[in-house]
Each structure stands twice: as structure tokens, then as C-alpha cells.
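Chemist: Sequence below, structure please.
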Amino acid sequence: MLKQLRQDHANMARMLHVLQLKQKSLEKGERPNFQLVREVVDYILDYQEGFTRPLEKVCTERLKELDPSSVEVTERLARDYRSLQSRLKQLSNDLDMILMDAVVPMDRFAADLKSYLESHRAYLRDERELLFPLIQKNFNDQDLDALAAALPEGAQAQLERLQEAYPELYAELRDAPEPAT
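Modeler: Predicted coordinates:
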């Protein structure tokens, strides 16, 4: 189970890397492929709904029972997650406007995207450094089975679906460097 969580983190880090490349293009005054940015944002929004939310729910509830001292960490992660999701939805709305050729200040969009990327990376780091050790320390086999049942299929199946739905995004993701863990 923890191996799957780590693999999913590595895949999300790759997604963030693809977005960072597009954000750097914006900073240079170039116009990136906004449709590709849209695909990445849609993928992350879907992933948050299908993966992060169940992970948060199962872990928060069970850890509260097993280790009451974990509440501070899990509540902070939940707040950070909600903030990330809100910021990503705003970026998604801005992307809709850009793709409809509405006037959106590119410097503001680039700054918002950069800030989001920094926050999302910090969130992944906190999950890896704070939540995963709590899971490893407190969860028994039944808890891990319940966690596995709450999560969608593994990272490989998600990548195969991504390859079919978004071939251009998959190509960039495949070529992205292996993230440091």
C-alpha cells in the first residue's frame, strides 16, 4: 500500500514538472500549449477527487482513533488540501478564459501557477514526511486493506488511461525526469 502511495506521488511530481515547464515558458513571455495545461489541470483535479479525498478521509478517521496526537497533522493536511483544490479550480477557471481568448493577464496567471506548484510540492512533501510515517507506524494489515479499498486503481492503470485520453500530455509526462524523493 505504501509503495502505491509513493508511486502515485512520483507520478504527481511528474505532472507538476510538466506544469512547471509551461509556467517557465510563460515567464519568458512565450505562449505554451494551453490545451496541454488544461489536460494536466483536469487530470490533477480528477486525481484529487478520486485519490486524495478518500486517502484523507480514511487516514484522518482511522488515525484519530489509533493515534490522537496525529489530529494536528491530519487537520493541517486537510486544510492545505482544500486550499490547493481551491487554487487549482481558480487556475482552471482562468484556463477556461484563456482558451476562450478572453483577456487574462499572463504575468498574473504565471505567478498564480508558480505559487500553486510550490504549494502542491510542499503538500506532497508533508504527506510523504508526516502522513506516510503515521500510516506505517499505526496501521495494521486490516487498516491497509481498508485504505487500499478506498483508493482507485493503481498508478499504472491511471497512466494507461491517461495515455489513451491525452496522448500529448502522456508523451510529456513520459519524458519528464524521475522526481527526487
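
Chemist: rest of the way, CA atoms for contacts and neighbours
Modeler: Fine.

Chemist: Quick one: classify Cys59 as helix, strand or coil.
Modeler: helix (DSSP: H, G, I helix; E, B strand; the rest coil).

Chemist: Quick check, pLDDT for it.
Modeler: Looking at Cys59, its pLDDT reads 83.

Chemist: What is the neighbour count of it?
Modeler: 23 (other CA atoms under 10 Å).

Chemist: Next, the contact list for it, please.
Modeler: 74, 135, 147 (CA atoms under 8 Å, 6 or more residues apart in numbering).

Chemist: Could you name the specific helix or strand carrying the second one?
Modeler: Per DSSP states H and E: Ile135 is located in helix 132-138.

Chemist: what's the answer for the last one, then?
Modeler: Following DSSP H and E, the helix or strand that holds Leu147 is helix 141-150.

Chemist: thinking again about what came up before, pLDDT of the helix holding Ile135, averaged?
Modeler: 92.

Chemist: where in this structure is pLDDT low?
Modeler: Low-confidence segments of the chain, defined by pLDDT under 70: 152-163, 165-167, 169-170, 172-181.

Chemist: circling back to that earlier point, okay, buried residues for the helix holding Ile135 please.
Modeler: Within helix 132-138, the residues that count as buried by 16 or more other CA atoms under 10 Å are 132, 134-135.

Chemist: which helices and strands does the longest helix anywhere in the chain pack with?
Modeler: Scanning the chain for the helix with the most residues, using DSSP state H, yields helix 71-99. Under the contact definition 3 or more CA pairs under 8 Å, 6 or more residues apart in numbering; DSSP states H and E, helix 71-99 sits against helix 34-47, helix 53-66, helix 106-126.

Chemist: Please convert these to a markdown table, extending it with distance to Lys28.
Modeler: As requested, the helices and strands packed on helix 71-99 are exported to a markdown table (distance: least, CA to CA, whole Å):
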| stretch | distance to Lys28 |
| --- | --- |
| helix 34-47 | 15 |
| helix 53-66 | 35 |
| helix 106-126 | 10 |
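
Chemist: what about Asp112, neighbour count?
Modeler: Neighbourhood size, Asp112 [other CA under 10 Å]: 16.

Chemist: Arg76 versus that one, what's the distance?
Modeler: 22 Å (CA to CA, to the nearest Å).
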